[in-house]
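*Asks:* when you get a sec, could you give me coordinates for this:
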Amino acid sequence: SLKDIHIENMKVENIPENWFEGCSSLRRIRMRRLSVSVLPENLFQSALILSEIDFSQNKIKSLPLGIFTGLYDLQILVLKENMLTQLNPDLFNNAYSLTYIDLSRNQLRSLSGIYFYQDMHQIDLSSNNLTSETSIFSTNSVFEEVKVLNLSHNRLSSFEKGWKYNWLGLEKLDLSHNQFEGDLPVSELSFLKHNPVDFTIDLSNNQIERIIFLSIFVEEKNEENKLKLILSNNQLKCDCFATELKLILEKGGNSDLTNLPFKYITLEIKDFPCSNKEFSDLNCPIPDVNFHLEECNDNCSCNLNRYNQELSVNCSHRSLKRFPEAIPDLDGEVIRIKLNLSHNNITSLQEEFPNENKETFDKISHLDLSNNQINSFEESCLPSSIKQLYLNNNKIVKFNKSSTDYFEALVKIKEVELKLGGNPYQCNCESLPFLHFVKKIYKNILDLSSISFACSDPIFLKSAKYQDICSNIPKFLKFLVPILLFLFLTSFLLFVLIRYKESLKIWLFAQSWAGIFLSEHLMDKDKKYDAFISYSHHDSDYVENILWKELETPSNPKDPAYKCKVHTRDFIPGEMIPDQILASVHESRRTIIVLSKEYVKADWTRMEFKEAHNNSIKDNRQRLILVVHGDLSSTENLDNDLRAYIKLNAFIHTGDKDFWKKIRSALPRINQQSRKEMKDPSDSELKDLL
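*Replies:* Down below sits the predicted model:
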């Protein structure tokens, strides 16, 4: 009752015809990598209930016609990696139950005439010699139940027309690693229209450049069909036909595009080359074989953007003296046209715009007529859909009232954008309506700074006034008025300076900004101390033995000696501490705050900082020197103003290698002469200032 035979990796070239004699219960045969080249026709006649036969990775070149006769229960047939070149059309006539056949990695060129019964679900023909030159399957072969067809790694270059009749139930078609190239119209997929709701086509690793979704290629839509298209590793171009691909990828497969043959379509494209492109960059040159269009006339260049449904016609630098004879139109593809006629020799709109092809002409939304020879303008010659009009750098000298009214209506209704600069607008009262119009709708004029009037000295719109354009005032008076005004103001200022000299001195001293012009020792002549040192008693060892000592009696005789005030020495016992703090801050030119963890906790020290900070603000001078002593990692408990000093890095750390240099530069400059002047100041500086 042998049911399974499994033999691998043996040197068996010939198998006797009676090898399976007496094996009537045999169900599975797996004989792989045995070097078998021939199978006898009656090999399986003693094992008629076989359900699986696997002779993969042998050297079988052909199969005798009756080898599968009577195998009504055969379901799986694997003959991959052999040397088969063709199969007899009647080979599987008795294989009623066959559901899976693997003929991959052979040398088959066609399966024309082969018939599979309705139980067949999966066929693998990958890595053969199948081409599109001969039909793979005959048109009368119908495979209603085949779900998966693998045709990868062949030399196919197109879909067969007969497939619409062959594969009525197909769910996955693998055409990867073939020779599909160039354009692939979606009409090639029309055989899917009767297929189940979910379908996958793998076209990866081909040479496809464009998927054509034009409506002319869509035979019929099935609102229920769902398609997944795999296009990785092709040569996809980023032109107008990539629009649908980009839209589908970005919309997650639920597309509203009218040209799609499927209601729901999803794509799988690894490293899609157009991912970083804008839709406005996806353009196709016209003519294109897929549009059946005439040439772009007058040596112009035409480009179609299918996302914006926009045709760009570039006729610039063509020495044209007229409007192009015809503009290409794509019915259903174009709703607006951009026409560039700049840098030509067109002289008049009234004469050059044709009246024929009005439907196409009225689609022009952007019209560039800059850098021509236009000297007259007639608004009736413009297309009705205009949204952008460039008339700059021509020879237009004026716009009449009807033209300016027309422009104003366009701006109000359609938000039209204009370029009008670089024209020699006449400098007289006839230009007043134009000047009024431009100043009224200036936001819609893109080159406002380039509009000027051709007066004796050109007047640009930015500074133009009505009287500059239309005025009877003699020219010499225009220059005389500002000269007289300047002389009057100068005389008035001299009179005030002489008449109120003493009052001005007093007022000047009262202004905060006067300190910019007056030296510091003159303003601080009444202050007794150079610095008041504010610190916590926990830091007294550092302050009294190092900081205070070094400032008053420097170790280097060349360094200045400062007169300091400290509470341990200079506060008078018995007097109110707050009063002494206030007095100390005000009679010192600087207040040094020795900031530490302990300093923050003390009320008196906080008061000293506050007063010094307010004093700096009041005098509009930097009176406060912040010295950080020790670790101050947390600033949560600091006063808001003190925290601001820390955040702005406006402090000196006692551990800084340049500490003494920095603190002396922050303290006031001290020398013998300044000490003398502080005692006996003169008003020489005020005299120099005034």
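*Asks:* the stretch 501-650 of the chain: helices as residue ranges?
*Replies:* 501-509, 520-523, 540-542, 548-552, 567-570, 577-586, 597-601, 603-619, 640-647 (DSSP state H, counting those that start in this stretch).
*Asks:* which stretch in those is the model least sure about?
*Replies:* Among the helices of the stretch 501-650 of the chain, helix 501-509 has the lowest mean pLDDT, at a mean of 44.
*Asks:* and the residue nearest the centre of the chain, how far from residue 82?
*Replies:* Nearest residue to the geometric centre of the chain (CA atoms, centre = their mean): residue 276, 7.4 Å. To residue 82, residue 276 is 47 Å away according to CB to CB, to the nearest Å. (Each C-beta comes from the backbone N, C-alpha and C, glycine too.)
*Asks:* ditto for residue 629
*Replies:* 90 Å.
*Asks:* repeat for residue 173
*Replies:* Residue 173 is 24 Å from residue 82, by CB to CB.
*Asks:* also residue 52?
*Replies:* Taking CB to CB, one finds residue 52 at 17 Å from residue 82.
*Asks:* with neighbour numbers in mind, choose between the two.
*Replies:* Using other CB atoms under 10 Å, the more surrounded residue of residue 52 and residue 82 is residue 82, with 23 against 16.
*Asks:* phi and psi next, for the residue nearest to the centre of the chain.
*Replies:* phi -90, psi 10 (degrees, to the nearest 10).
*Asks:* what do you get for residue 388?
*Replies:* phi -150, psi 130.
*Asks:* what bridges to it?
*Replies:* residue 366, residue 417 (DSSP bridges).
*Asks:* who are the contact partners of it?
*Replies:* For residue 388, the residues meeting the contact criterion (CB atoms under 8 Å, 6 or more residues apart in numbering) are 365-368, 416-418.
*Asks:* mind showing which ranges of the stretch 301-450 of the chain have poor pLDDT?
*Replies:* Along the stretch 301-450 of the chain, segments meeting pLDDT under 70 span 350-357.
*Asks:* helices along that one, start to end?
*Replies:* 349-352, 358-361, 401-414, 432-440.
*Asks:* just checking, what packs against whichever helix or strand comes after the last one?
*Replies:* It refers to helix 432-440. Using DSSP states H and E, the helix or strand that follows helix 432-440 in sequence is strand 452-454. Applying 3 or more CB pairs under 8 Å, 6 or more residues apart in numbering; DSSP states H and E, we find strand 452-454 packed against strand 425-426, strand 459-460.
*Asks:* nearest to residue 304, out of the ones you listed?
*Replies:* Evaluated with CB to CB, the helices and strands packed on strand 452-454 place strand 425-426 nearest to residue 304, the distance being 37.9 Å.
*Asks:* so residue 314 makes contact with residue 343?
*Replies:* No: using CB atoms under 8 Å as the test, residue 314 is too far from residue 343 to be in contact (10.7 Å).
*Asks:* let me have the helices and strands packed on strand 452-454 in a markdown table, extended by distance to residue 625.
*Replies:* Converted to a markdown table, the helices and strands packed on strand 452-454 look like this (distance: least, CB to CB, whole Å):
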| stretch | distance to residue 625 |
| --- | --- |
| strand 425-426 | 65 |
| strand 459-460 | 54 |
